[in-house]
Each structure stands twice: as structure tokens, then as C-alpha cells.
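Engineer: I need the structure of the sequence given here:
(one chain, ligands or ions: 1)
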Amino acid sequence: MEQVKVLLEDHEIPKQWYNIVADLPTPMKPPLHPGTGQQVTPDDLAAIFPMNIIEQEASARRWIDIPDEVLQKYLLWRPSPLYRAYNFEKLLNCPVKIYYKNEGVSPAGSHKPNAAIPMAYYNKVAGTKRIVTETGAGQWGSALSMATQMFGLGCRVYMVKISYEQKPYRRMMMNTWGAECIPSPSNLTQAGRNVLAEHPDSPGSLGIAISEAIEEAVTTKGSRYALGSVLNHVLLYQTIIGLEAQKQMKKIGVYPDVVMGCCGGGSNFAGIALPYVCDKIHGKKVKLVGAEPSSCPSLTKGPFAYDFGDLAKTTPLLPMYTLGHDYIPAPIHAGGLRYHGMAPIVSHLVREKFIEARAYDQLKTFDAGVKWARTEGFIPAPETNHVLAAVVDEAMRAREEGKEKVILFNWSGHGLVDLSAYDAYLSGKLQAYELPDEEIARALRSIKDFPKP
Ligand SMILES: Cc1ncc(COP(=O)(O)O)c(C=O)c1O
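Structural biologist: Numbering: from 1, shown residues only. Below you'll find the predicted structure:
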């Protein structure tokens, strides 16, 4: 019998998150206040986030203790299993060993609760009564709905309209966990009304939904906003994935040559990659690869620039790879990857050449996802299919180079609530989307006068 899973006992769960900011060889550019052009201060963010989270966002402390209340909730499904994908390896017939962290075992079905639970906890401690957020495919919204329920907080989620329509089951999950879910753009906010006035049929985007959620959070007493990706504190909470993986790989005496993840705002990829980036900074040889959609290729086609995180320009200016804040991505099924920008930490590490990025079309990603389901059994989320396409690619490269490789990747979530996407793919209704260069040029005109990082 071959060992398929590497498990950690409850007591072996990491007790601290890892903050890469403490180890960066070159400092990151700071977020800027759009009005003054100066670095944002904690007070600038106080209407949006509670101060305990703002402190973590700005922290340069290497290790941050995970509160006992958060650990106790994590233990519902963590430590997540590390698997060896023997059957997929056999199908590919390349000189690779493939390991993956299965984040689909969380109650909401993805890595998102790793960040939702600490956010709900810190808000509760700070006296917040209710959290407002946005969601793409519904993974983040459902994770936060569950987490807020666990800590006795209210929750409203603005869900990108195209996904709200394509994925009714995610809304039902949010409702089951006691949250409200509103299709965005909506008539409930000025940001939503502005979009609807110009584009009554807008499919929505994460950038629009973020604007709606922030507007409501800052204008409603007792409410705060939560973002499911992109920001430093979100990436910090996700590092539990890579920290567990390091312990698990150590148990079997294996070190990866390549670490991979799919990239929307960057949080699950960073979660598995950042502890390995730390190793790389300290001299280890390891390749880190992020996989994004070719219809929303911020890392592979966007410039590194200051840009807003949302359409209505309510966030600070973030230094990141971006396609422009008014870029509306094509309605691909990987709703969680339809975001115009990329986490400043991931962007910085790509710029400094610690991380590589590759882009894949949705047809190629579903091809990899279906192969995976037919060999390994678990049906991946459409977002996760992007990293699977990258894994296939990497395995083929190993064969061409005649080199043996150990690949570790983050299996960010299951696709059991995304079966309509598989149905469309299997019946030949899915389209390939490449981003026309004129569209990038158009969207980038919106940021041409911003400060340059
Ligand atoms: C399953 C899954 N994977 C990946 C992502 C992409 O987000 P991030 O880049 O923050 O991990 C999402 C976002 O919703 C998701 O639901």
C-alpha cells in the first residue's frame, strides 16, 4: 500500500501565522491616500476596518499568534490533509510527484474560512455588530456568513450579479448560515445606482461589489467591511496552509521543487507560497508559480502601478499589478478570479522575481479539472482548475527537460456548487476568452495620472 495522505494531529496545528513583510529583502511601496498622495494612516482606515485588524495590516512582526478562539474553530477541519495525487500522476505519465493541500474539506468548501474566521473574531472583539462584504463566485461570501454566525455577528454580502444568477446554491448557503445576499450592482448604494444608470445589464464585477460593500459599511452604524483577498492581513491568515504543508512534507522527508496556486486576489496562492518564499529568501532552491485566467491577466499583462481596489475609488491606492479599476472581466465561470488587481505582497514578489506567473484560458482549465475529477475523484472549483492547468504544464515541462520534479500545489476548493459550469463545459457551451490588447489599453487610461510606484 502506498501512503496517500499525510495528516497532522489537532495538537500539531501551527499556533502562529507567518508575516513575510518581516523578511522581504526590499521594502514594499506603501498604500497611498488618494486625496493627499501620502501614505495611508491607521486613522484613514478606521471607518472601514477595526483597529486590531488595521494593526495587523501594517505589521512587520514575523510571527503573529493565532488566538485560541480562532484555533478552536480551525480545528473543525484543520489541519487539512496533504495528499499525493498518484492517479493524476499516472495519467500524466511525466517524471513528477504531485502533492496537494486539500482546502476543499472546510465547511464552506474552500480556503476562504481560514481568513473569514479570524476576521469575524477580531471584529467581535472590537465591538463590531455586523460585517458587510462582497463576493465573486460566492466562496468568500459563504465563508464569511459561516464565520460571522459562529461569532454572533450580522452579515450582508454583495454578490457579483453574473455569479448570483449562475450559482444560486452559494446564495442559499449564505442564507442558511444566516446572512443576506444581494446581487451587485444593486439599487441599495450610490455606487451600484451609478453603474446601473450607465449599464442596466451590467454582469457586475468584484470591483463594483467592493464599492457597494464599503459604502454600506462606512455609512451604517456598528458595521465594518471585510475583504476576502488582496490585503496583507488576509494573506497572513492564509499562511496556515503553507505552514501546515511544510510540517507535513517534513514528516515524509520531501521538499518541493515547485509550489503552485491559482491567483484571483492572491490569497490562497500566497497562503501556500509565502512560507516557501521565506525559504527561498534564505537560500533554498524552490520555484513559485501563480496561475491566473487569460481573460483577467493582471500579473502577466498588467503594469505594476498604483490603482484603486474598487470601481468607485473608495479604497486607498495600492501598489500592484492591475488591469485598471474599471476593467470588467469576461463572465468566466471562475468568478473568484475575476479581479482587476493582485495582492500588493504577491505583486511585489513577482516584481522582485521571487514568483512567476502564467495565464490559462478557461477551456484548458476545465480540461485539466475534468481529468483531475476522473482520476483523483474530487471535483475542483473552476478557480482551482487554473492551478491544475499549471500543474499539467509543469509536468510536461519536466518531461521535456528530462528532469524529476516534486510539485506541491494548493487545491483551493471543491466545485460541487459549480456543477453548472461543468455542465456548460461538457456540453461544449464554454468559450475561450483572450483579453484584447485594446481593452487593456482602454482600462489602463483610467490610472495614467496616478502616482507611479
Ligand atoms: C476556490 C477558490 N479558489 C481561489 C479563489 C481566488 O481567490 P484568492 O486568489 O484570493 O485565493 C477563490 C475566490 O473566490 C475561490 O473561491
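
Engineer: so what's residue 264 closest to, chain neighbours aside?
Structural biologist: Excluding the flanking residues, the one nearest residue 264 by Cβ to Cβ, 6 or more residues apart in numbering is residue 337, at 4.1 Å. The way it works is simple: take the backbone N, C-alpha and C, and place the C-beta from them, glycine included.

Engineer: what's the spacing between that neighbour and the ligand?
Structural biologist: As judged by Cβ to the nearest ligand atom, to the nearest Å, residue 337 and the ligand stand 6 Å apart.

Engineer: wait, isn't that residue in contact with residue 292?
Structural biologist: Yes: using Cβ atoms under 8 Å, residue 337 is in contact with residue 292, at 6.4 Å.

Engineer: how is this protein partitioned into domains?
Structural biologist: The chain is divided into the following domains under automatic domain parsing: 22-27+55-66+110-231, 78-107+233-429.

Engineer: next, the residue most central in space within the chain: phi, psi?
Structural biologist: In the chain, the residue lying closest to the centroid (Cα atoms, centre = their mean) is residue 267, at 3.7 Å. For residue 267, the backbone dihedrals are phi -80, psi -40 (criterion: degrees, to the nearest 10).

Engineer: for the nearest residue to it once chain neighbours are set aside, which three-state class applies?
Structural biologist: Once flanking residues are discounted, residue 267 sits nearest to residue 229: 4.2 Å by Cβ to Cβ, 6+ apart. Here residue 229 is recorded as coil under DSSP: H, G, I helix; E, B strand; the rest coil.

Engineer: ok, the residue in the stretch 1-150 of the chain that the ligand sits nearest to - contacts?
Structural biologist: Closest contact between the stretch 1-150 of the chain and the ligand, by Cβ to the nearest ligand atom, is at residue 139 (3.1 Å). Residues near residue 139 by Cβ atoms under 8 Å, 6 or more residues apart in numbering: 108, 109, 110, 112, 170, 336, 381, 383, 413.

Engineer: just the buried members of the residues you listed?
Structural biologist: Among the contacts of residue 139, those classed as buried by 16 or more other Cβ atoms under 10 Å are 108, 109, 110, 112, 170, 336, 381, 383, 413.

Engineer: top helix in the chain by residue count?
Structural biologist: Secondary structure assigned by DSSP state H gives helix 384-401 as the longest helix of the chain.

Engineer: return the list of helices and strands in contact with that helix.
Structural biologist: Secondary structure elements in contact with helix 384-401, counted by 3 or more Cβ pairs under 8 Å, 6 or more residues apart in numbering; DSSP states H and E, are helix 86-92, strand 96-102, strand 258-262, strand 287-293, strand 356-360, helix 362-376, strand 405-411.

Engineer: can we see that at 7 Å?
Structural biologist: Applying 3 or more Cβ pairs under 7 Å, 6 or more residues apart in numbering; DSSP states H and E, we find helix 384-401 packed against strand 96-102, strand 258-262, strand 287-293, strand 356-360, helix 362-376, strand 405-411.

Engineer: that older thread, with adjacent residues omitted, what lies nearest to the residue of the stretch 1-150 of the chain closest to the ligand?
Structural biologist: That would be residue 110: by Cβ to Cβ, 6+ apart, it lies 4.5 Å from residue 139.

Engineer: likewise for residue 175?
Structural biologist: Residue 175's closest residue in space is residue 181 (Cβ to Cβ, 6+ apart), at 6.6 Å.

Engineer: give me the pLDDT for the residue of the chain found nearest the ligand.
Structural biologist: Nearest residue of the chain to the ligand (Cβ to the nearest ligand atom) works out as residue 336 at 2.2 Å. For residue 336, the pLDDT comes out at 83.

Engineer: that one contacts residue 265, doesn't it?
Structural biologist: No: with contact defined as Cβ atoms under 7 Å, residue 336 does not reach residue 265; the gap is 8.4 Å.

Engineer: would you mind naming what in the protein lies close to the ligand?
Structural biologist: Taking Cβ under 6 Å from any ligand atom as the measure of proximity, the chain contacts the ligand at 110, 136-137, 139-140, 229, 262-269, 336-337, 381, 383-384, 412-413.

Engineer: show me where the stretch 1-150 of the chain has helices.
Structural biologist: Assigned by DSSP state H, counting those that start in this stretch, the stretch 1-150 of the chain shows helices spanning 42-45, 51-57, 68-74, 86-92, 113-126, 139-150.

Engineer: can you tell me which of these is packed in deepest?
Structural biologist: helix 139-150 (a mean of 29; mean count of other Cβ atoms under 10 Å).

Engineer: and the contacts of the helix or strand just after that helix?
Structural biologist: Elements were assigned by DSSP states H and E; along the chain past helix 139-150, the next helix or strand is strand 154-160. For strand 154-160, the external contacting residues (Cβ atoms under 7 Å, 6 or more residues apart in numbering) are 129-136, 138, 141, 144-145, 148, 171, 174, 179-184, 186, 204-206, 209, 212-213, 216, 335.

Engineer: list the ones among those that fall in strands.
Structural biologist: Judged by DSSP state E, the subset of these located in strands is 130, 131, 132, 133, 134, 135, 180, 181, 182, 183, 184.

Engineer: what's the most distant pair in the residues you listed?
Structural biologist: Farthest pair in the ones in strands among the contacts of strand 154-160 (Cβ to Cβ) is 130 and 183. Separation: 19.5 Å.
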